[in-house]
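Undergrad: With the input below, show me the fold.
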Amino acid sequence: MLLTINVAVLLAVVIVLRLGRRTEARSRSDERTTVVLALVFGVLVAPTAFGQGILDVVTQLALGISQSGSP
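TA: Got it, this is the predicted structure:
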């Protein structure tokens, strides 16, 4: 039996655990580490079908917001 770990899923778990901590207990370097992990997660997820679906949803939302502000 071969066990494989998806790096994107592992990073998602790490990010959720890091964000679950209390805000007052975070240092500036801790915040930077969380941001870097989130950016790496985004790069890993972007080329997947899930990432493309998120991009489509965000694009439609942005278009809807920009069109609603126009007279």
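
Undergrad: any idea which helix or strand carries Val57?
TA: helix 49-68 (DSSP states H and E).

Undergrad: Please name every helix or strand in contact with that helix.
TA: If you count contacts as 3 or more CB pairs under 8 Å, 6 or more residues apart in numbering; DSSP states H and E, helix 49-68 packs onto helix 28-45. For the C-beta atoms, the positions are set from N, CA and C on the backbone; glycine is no exception.

Undergrad: Can you point out the buried residues in the helix it packs on?
TA: By neighbour count on 16 or more other CB atoms under 10 Å, the buried set for helix 28-45 is Thr34, Leu37, Ala38, Phe41, Leu44, Val45.

Undergrad: Could you tell me the angle between it and helix 49-68?
TA: On the basis of axes from the mean of the first three to the mean of the last three CA atoms, to 10 degrees, helix 28-45 is oriented at 100 degrees to helix 49-68.

Undergrad: And for helix 28-45, what's in contact with it?
TA: Val7, Ala8, Leu11, Ala12, Val14, Ile15, Arg18, Leu19, Arg26, Gly51, Ile54 (CB atoms under 8 Å, 6 or more residues apart in numbering).

Undergrad: and the second one, what is it in contact with?
TA: The one in question is Ala8. Phe41, Leu44, Val45, Thr48.

Undergrad: what's the closest of those to Gly64?
TA: Val45 (23.1 Å; CB to CB).

Undergrad: Could you check how far the closest one is from Leu39?
TA: Separation of Val45 from Leu39 (CB to CB, to the nearest Å) stands at 11 Å.

Undergrad: just Ser29 next, same as before
TA: Computed as CB to CB, the Ser29 to Leu39 distance reads 16 Å.
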